[in-house]
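Participant: Give me the fold of what follows.
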Amino acid sequence: MFKVILYLTLITLIPALELRASIPWGIFTMQDQISWPVVFVICLVANIILGWFVFWVMGPVFTIVRKWTWFDQKIWPILEKTQHKIHPYVEKYGELGVAFFIGIPLPGSGVYTGAFGSYLLGLDKRKFAIANVIGVCIAGVAVTALCLMINYGIVGDDSLIAKLFLKR
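Facilitator: Numbering: from 1, shown residues only. Take a look at the predicted model:
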């Protein structure tokens with residue numbers, strides 16, 4: 001059981017895959033060893049913690065990166081200008097927008113890009129934490145529902161959705 005939990009967590013930590021890959025892997029390949037609700041909870045918790053960690057790490061990373069003169073003079077002013085321009089919109093729609101961005105189970109969205117973008121746009125830590133939980137729950141429910149529909153025959157094994165989820 002520990003080995004399965006470790007695999008699920010490690011797959012969840014892979015950028016661009018996250019729970020979009022770990023939930024299908026757990027449901028389709030580990031169904032003899034672990035039930036789908038346990039897979040769901042493990043992947044959900046791992047992804048929520050991952051989002052918080054990435055957002056938290058952004059501060060120290062940018063402090064180090066800004067010590068490079070080139071970045072501080074060329075890139076940082078562009079980021080600040082963009083941040084100031086869109087800050088009112090981020091404050092108005094940021095939390096909900098980030099939640100939906102994280103929640104859409106498509107490549108390029110997820111907690112890594114959501115945390116990175118939220119930090120660069122100046123979203124408050126508390127607002128990001130809430131958006132992260134909501135977004136990860138949306139993605140987790142969507143992916144789990146699709147996997148269960150495939151697993152129980154509601155969606156055919158040879159359908160595009162089943163092929164995307166690597167059902168064998």
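
Participant: And Lys67, how far from Pro60?
Facilitator: According to C-beta to C-beta, to the nearest Å, Lys67 and Pro60 sit 12 Å apart. To be clear about C-beta, it is placed using only N, CA and C from the backbone, and glycine gets the same treatment.

Participant: got the contact list for Tyr115?
Facilitator: Residue 115: Ala, not Tyr. Residues in contact with Ala115 (C-beta atoms under 8 Å, 6 or more residues apart in numbering) are Gly51, Trp52, Val54, Phe55, Met58, Phe128, Asn132.

Participant: just the buried members of these?
Facilitator: For the contacts of Ala115, a neighbour count by 16 or more other C-beta atoms under 10 Å gives the buried set as Gly51, Trp52, Val54, Phe55, Met58, Phe128, Asn132.

Participant: Let me see the contact set for Gln33.
Facilitator: Contacts of Gln33 (C-beta under 8 Å, 6+ apart): Met1, Val4.

Participant: From Val143, how far off is it?
Facilitator: Counting by C-beta to C-beta, the gap from Gln33 to Val143 is 19 Å.

Participant: Helices of this protein, start to end?
Facilitator: Secondary structure of the chain, counting by DSSP state H: helices at 2-13, 18-29, 36-65, 69-70, 76-103, 111-120, 125-151, 160-164.

Participant: Contacts only, for the closest residue to Phe128 other than its chain neighbours.
Facilitator: Spatially, and ignoring its direct neighbours in sequence, Phe128 is nearest to Ser118 (4.6 Å; C-beta to C-beta, 6 or more residues apart in numbering). Listed by C-beta under 8 Å, 6+ apart, the contact partners of Ser118 are Phe55, Gly94, Val98, Phe128, Ala131.

Participant: Save those as JSON lines, and put in distance to Val45 too.
Facilitator: Listed next are those as JSON lines, based on distance: C-beta to C-beta, whole Å:
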{"residue": "Phe55", "distance to Val45": "16"}
{"residue": "Gly94", "distance to Val45": "24"}
{"residue": "Val98", "distance to Val45": "19"}
{"residue": "Phe128", "distance to Val45": "17"}
{"residue": "Ala131", "distance to Val45": "17"}
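
Participant: worst-scoring helix or strand of this protein, pLDDT-wise?
Facilitator: Least confident helix or strand of the chain, by mean pLDDT, DSSP states H and E, is helix 160-164 with a mean of 65.

Participant: Tally up the residues packed near Thr69, please.
Facilitator: If you count neighbours by other C-beta atoms under 10 Å, Thr69 ends up with 8.

Participant: Apologies, that question was intended for Thr113.
Facilitator: Neighbours of Thr113 (other C-beta under 10 Å): 16.
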